[in-house]
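# just the structure for this:
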Amino acid sequence: MNAEYNFTGAARTRTINLGGPRGASAAQLAASARAERALRQAERDRARSATRVQAVWRGRTEARRIRAQRVKEFVAQQQVVLRHSAEPSSSEERQVAHVRWLRLLCASQGVPEEGQLLRVWSQTMLNDESEWPTWRRSCEWR
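Model (predicted):
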């Protein structure tokens, strides 16, 4: 019979340590846990920053697209205003066309062509005196 498997207790016994590897002190374990926590926090901060950059980029891109669309609408509305000036149409239709055109001018603020749009709008308004509202004519400086 093998000496390791006897039931009398005369065989050599093994000592088994269930506490993990030796050598790591409590201070080392705490430092390791702090370092891992710091790495996880840095990763969360990095992901949050990337999300913020993406949101800003998407917002600026969308704003640029909308401003370009407003410039196109401004040019189209200019044609409507000029058509109302050339053809006889109701005063209300003319005023609505001018108000829409002014709104598009305001909405296109910040585009590179802003100065040119303002120049076109003001020249058209000054050249078309019939489009000035009646209150403007009645409010002259005395």
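# for residue 14, what are phi and psi?
Note on residue 14: backbone dihedrals following degrees, to the nearest 10 are phi -100, psi 150.
# what's around it, how many residues?
Using other CB atoms under 10 Å as the criterion, residue 14 is surrounded by 6 other residues. Bear in mind the C-beta positions are built from the backbone N, C-alpha and C, glycine included.
# and the longest helix for the chain?
Longest among the helix segments of the chain by residue count, using DSSP state H, is helix 26-86.
# who are the packing partners of it?
If you count contacts as 3 or more CB pairs under 8 Å, 6 or more residues apart in numbering; DSSP states H and E, helix 26-86 packs onto helix 91-107, helix 114-127.
# contact partners of the last one?
It refers to helix 114-127. Under the contact criterion CB atoms under 8 Å, 6 or more residues apart in numbering, helix 114-127 has outside partners 71, 74, 78, 81-82, 98, 101-102, 105, 108, 111, 131-132.
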